[in-house]
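Visitor: Provide a 3D model corresponding to the input given below.
(2 chains)
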Amino acid sequence: VPAKTPRPSYAEYPAWLKTKLNVEIGPKQSSHYDVASQLIHQQTLQSEFWKELQAELPEAESAYVGQHGFPLYAASQESLTLDRKKWPSFRLKTYRKNVSENERWPKAPRGGWVTFPSWYSRVPDIVRTMVVVRYLDGMTFLAERMAKVAGDQGLAVGTERVATEEGYYATHLDIVGKVTIPDVDWDSIDVDVTVEIQITTQLQDNIRQLLHGGYEAARVAGQTTEWRWKYDSPAFRTNYLGHVLHYLEGMVMSVRERPDGDTKSS
Amino acid sequence: MAIPNPVKQALAAAETPKASSDRVATALKAYRSLTTDEVVDAAISEFPSGELGRVHEAVWLFSNTRISESSLIDADEDDLDFIALTSVRHVVVHSKAYDWTKATEKSRLRVEIWFSAEQYGQIKASGANCDWLRSVLNRSLLPNIRPATNP
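Guide: The predicted structure is shown next:
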């Protein structure tokens, strides 16, 4: 049996990148990322797609209320906030893709190593927004309408229903568009970047906020599955709470659709 | 609030548009609320960018004791970095199509400033801004390079 290649820890990651791939991940890359990510953020906010997406918010609300008689959003949703991923979080994401979550380890992950400067096209949430809907079916409803807005602008769209082992459920839309960022030396280059739209429910959003610290710690440490059996651990309680909430949200839908208690499928 | 002369000259050399000049004014307001240090030199970092035109990415302010930098891109967030002038350890200058006398439209200058192995900044210039950045190098950066001292 060939010896397994150990994965470097996050602390060992910069040295491993240098030795294995001859790639730096230091202050120069951090400085470039700051400018590039700010430009990605700025160009997304100024894009026609973003303006159309904002205009779609009240339209979707009216259509959902018309169809179901219930509000679409968990709270008033007059505009979207576009968040920019900061360098420490981005750097950690490259570690997860290259090392801790790389299923092909010690080979490169699918699509190749995630390194400077191609990483701008490989990390899908350098800029992202989130919409919180009230009911489970609101995720698909809104995702389909937002995907159409992007499609009408000629942008490529990918939709993923996310269901993690850690009890996180959401719908993610990945919209790919071209932006201009500085090149390594003098001028600029056009790159494809992804704007991520996360659509989740109110209950999932609440649990996500409670769990955020735990997620970050687990990402740095690398995921293990020991928590599945450690019933007195925070991970056990919070992760299974996420799954239970998803089940409850399904039951809420069931009651909403058949308030008379008829359990036969329609 | 009056804009200091070195900043005015830097803005002019980089042909800074109004939106970016307004961001510089905001950075200056923050600067003045945090320090009484006089701004004795300044530079605008910018680069040409196809359809976007020239991108004015940051303003650099120099006093007799500190260097400050503020981004001009992200409208949602204002930041202002300060570092001691005596922290400048290493300066790397890259140039392209520049004769070090009179810049042309094609001239480019890029100055890497290393404060430590982990701290780094970069000032970019294109066209006539190269002449201004060269003068900032002469006045405010190269005379202040210091060797690292042991703690």
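
Visitor: just the helices in the stretch 51-200 of chain A please.
Guide: A:87-95, A:119-122, A:136-152 (DSSP state H, counting those that start in this stretch).

Visitor: closest one to chain B among those helices?
Guide: Among the helices of the stretch 51-200 of chain A, the nearest to chain B by C-beta to the nearest C-beta is helix A:87-95 (12.4 Å). Backbone N, C-alpha and C define where each C-beta goes, glycine included.

Visitor: Can you point out the buried residues in the closest one?
Guide: Using 16 or more other C-beta atoms under 10 Å in any protein chain shown as the test for burial, helix A:87-95 gives A:90-95.

Visitor: From those residues, pick the one nearest A:G177.
Guide: When the buried residues of helix A:87-95 are compared for distance to A:G177 (C-beta to C-beta), A:F90 comes out closest, at 18.5 Å.

Visitor: list the contacts for the closest one?
Guide: A:33, A:37, A:123, A:126 (C-beta atoms under 8 Å, 6 or more residues apart in numbering or on different chains).

Visitor: still on that earlier bit, can I get the helices of the stretch 51-200 of chain A in a markdown table including mean pLDDT?
Guide: Below are those laid out as a markdown table (pLDDT from 0 to 100):
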| stretch | mean pLDDT |
| --- | --- |
| helix A:87-95 | 95 |
| helix A:119-122 | 93 |
| helix A:136-152 | 96 |
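
Visitor: Out of these, which is closest to B:A30?
Guide: Closest among those, using C-beta to C-beta: helix A:87-95, at 21.6 Å.

Visitor: Leaving out sequence neighbours, find the closest residue to B:E46.
Guide: B:H56 (4.5 Å; C-beta to C-beta, 6 or more residues apart in numbering or on different chains).

Visitor: SS state for that neighbour?
Guide: strand (DSSP: H, G, I helix; E, B strand; the rest coil).

Visitor: I'd like to know which elements the top helix by length along chain B is packed against.
Guide: The residue-count maximum for a helix in chain B (DSSP state H) belongs to helix B:18-34. Here helix B:18-34 touches helix B:5-13, strand B:53-62, strand B:66-71, going by 3 or more C-beta pairs under 8 Å, 6 or more residues apart in numbering or on different chains; DSSP states H and E.

Visitor: Can you give me the buried ones in that helix?
Guide: Under the neighbour-count rule (16+ other C-beta under 10 Å), helix B:18-34 has B:20-21, B:23-24, B:27-28, B:31 buried.

Visitor: Show me which residues of chain B sit near chain A.
Guide: With C-beta under 8 Å from any C-beta of the partner chain as the criterion, chain B comes near chain A at residues B:47-52, B:55, B:57-58, B:71, B:73-76, B:94, B:96, B:108, B:110, B:112, B:117-122, B:124, B:126.

Visitor: Can you list which of these are found in helices?
Guide: Going by DSSP H, the helices hold none of the residues of chain B next to chain A.

Visitor: Narrow those to those that are buried.
Guide: B:47-49, B:52, B:55, B:57-58, B:71, B:73-74, B:108, B:110, B:112, B:120-122, B:124, B:126.

Visitor: Inside strands: which ones of those?
Guide: Mapping these onto strands (DSSP state E) picks out B:47-49, B:55, B:57-58, B:71, B:108, B:110, B:112, B:120-122, B:124, B:126.

Visitor: Need the CA coordinates for stretch A:172-181. CSV is fine.
Guide: Taking C-alpha atoms only, stretch A:172-181 is exported to CSV below (Å, rounded to 0.1, in the frame of the first residue of the first chain):
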residue,chain,number,x,y,z
HIS,A,172,-27.0,29.2,-4.6
LEU,A,173,-27.0,31.0,-8.0
ASP,A,174,-23.6,31.5,-9.6
ILE,A,175,-23.7,34.3,-12.3
VAL,A,176,-20.6,34.5,-14.5
GLY,A,177,-19.7,37.8,-16.0
LYS,A,178,-16.6,39.6,-17.4
VAL,A,179,-14.8,42.2,-15.3
THR,A,180,-11.5,44.2,-15.7
ILE,A,181,-8.8,43.9,-13.0
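
Visitor: tell me which residues in it are buried?
Guide: A:172-175, A:177, A:179-181.

Visitor: So A:H246 is in contact with A:Q204, correct?
Guide: Yes: between A:H246 and A:Q204 there is a contact at 7.3 Å, judged by C-beta atoms under 8 Å.

Visitor: tell me, what's touching the two both at once?
Guide: A:Y169.

Visitor: Looking only at neighbour counts, state which of those two leads.
Guide: Remark: of A:H246 and A:Q204, A:Q204 carries more neighbours, 23 against 18, as counted by other C-beta atoms under 10 Å in any protein chain shown.
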